[in-house]
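K.L.:
Pasted the sequence and its predicted model underneath.
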Amino acid sequence: MLENEVTKINLRTMVVRFYSSVLEDKVVGPFFIDKLGDDLSSEVWGEHIDLLTNFWASIALGDTSYRGSPMRPHFDLPGIGRDTFTRWLELFHATLDELYVEGIANQFKERSTIIAGNFMTNLGLA
């Protein structure tokens, strides 16, 4: 059954599902594996999952737990390109469709597309 509300619990589920698919992906996966490894249950991945859960909770719920700079880590990824962001969005949108009802999924899709566009602009990829 698809989620018809956003909670911090299902945001964490979304983040874990998304990164599970990322680790299997040949375009996006190598960037994350290089920085965080390939074991989603590791401590470093646990910290990343917590960080991203809080990031999305700040956007969707107005939660104030997020402490970070979402743009900064992307400057340290040699080889990242428009194709990386395009594939990231495809994987993220597919995860949203698996978890949330259409209205909620579409809100996240719109926001994530804006965020990816801003990242590409700031990285000089737009």
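P.N.:
Okay, I see it. Residues are numbered from 1 along each chain as shown.
K.L.:
How many residues are close by residue 105?
P.N.:
20 (other CB atoms under 10 Å). For every residue, glycine as well, the C-beta is placed using N, CA and C.
K.L.:
just residue 69 next, same as before
P.N.:
Neighbours of residue 69 under the rule other CB under 10 Å: 7.
K.L.:
Against which helices or strands is the longest helix along the chain packed?
P.N.:
Counting residues, the longest helix found in the chain (DSSP state H) is helix 102-122. Packing partners of helix 102-122 (3 or more CB pairs under 8 Å, 6 or more residues apart in numbering; DSSP states H and E): helix 43-61, helix 82-99.
K.L.:
can you tell which of those is closest to residue 18?
P.N.:
helix 82-99 (4.3 Å; CB to CB).
K.L.:
between that closest one and helix 102-122, how big is the angle?
P.N.:
Helix 82-99 runs at 160 degrees relative to helix 102-122, counting by axes from the mean of the first three to the mean of the last three CA atoms, to 10 degrees.
K.L.:
Right, I'll leave it there.
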